[in-house]
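Asker: Here's a sequence, model it:
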Amino acid sequence: MSGYPVLLHTAIDARDCRALGEFYRRLLGLHYRQGDEPPADGGPDDADWLVLVDDDGRRVVTIQEKKDTRPPTWPSEDVPMQMHMDFKVPTVESLERHRRRAEELGARLLYDRSQDEDEPLYVLADPAEHPFCLLVQ
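Answerer: This next block holds a predicted model:
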């Protein structure tokens, strides 16, 4: 037993819980927790809390519906980003591949520091406008 708390997951607010959950599910290769899958019949989706897990069933990201959330305006501080996630990739080639894929899934490029020799990175906004970074480490 550890003497420290253990991070269970990161929760992100979104107006459209399913849309943002689907973005991170596809971007990170995650799966819905059993019972959180989209309706099989294509009917209305009233999800207001979704849990995304890795291949071993460990929680990674949760999406919480919050209808009155205001998207961050980074780099402006008008609406602070409040949190962001950093995702590491091993090479510049994989950085470019994952940036293109993120954009195909609905992300938007906010900042390009891909030419930095010490730590190439991109800052992107997910479909709900939460900034996240892809960086080589």
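Asker: Is the residue nearest to the spatial centre of the chain in a helix, a strand, or coil?
Answerer: Per CA atoms, centre = their mean, the C-alpha nearest to the average position across the chain is that of residue 24, at 4.6 Å. Using DSSP: H, G, I helix; E, B strand; the rest coil, the structure places residue 24 in helix.
Asker: and the gap between it and residue 78?
Answerer: Look at residue 24 and residue 78: by CB to CB, to the nearest Å, they are 25 Å apart. Where you see a C-beta, it was placed from the backbone N, CA and C, and this is true even at glycine.
Asker: And residue 7, by the same measure?
Answerer: Noted for residue 7: a distance of 29 Å to residue 78, by CB to CB.
Asker: Likewise for residue 10?
Answerer: Remark: distance between residue 10 and residue 78 (CB to CB) = 24 Å.
Asker: Tell me which of those two has more neighbours.
Answerer: Taking residue 10 and residue 78 together and counting by other CB atoms under 10 Å, residue 10 has the greater number of neighbours (14 against 8).
Asker: Identify the bridge partners of the spatially closest residue to the more buried one that is not a sequence neighbour.
Answerer: Excluding the flanking residues, the one nearest residue 10 by CB to CB, 6 or more residues apart in numbering is residue 61, at 5.5 Å. According to DSSP bridges, the residues that bridge with residue 61 are residue 10, residue 52.
Asker: wait, what's in contact with the residue nearest to the centre of the chain?
Answerer: Each residue near residue 24 by CB atoms under 8 Å, 6 or more residues apart in numbering is listed here: 12, 30, 52, 61, 63, 126.
Asker: Need the per-residue pLDDT for the last one.
Answerer: The per-residue pLDDT reported for residue 126 equals 96.
Asker: Please look at it and residue 107 and confirm they touch.
Answerer: Yes - Residue 126 lies in contact with residue 107 (CB atoms under 8 Å); the separation is 5.8 Å.
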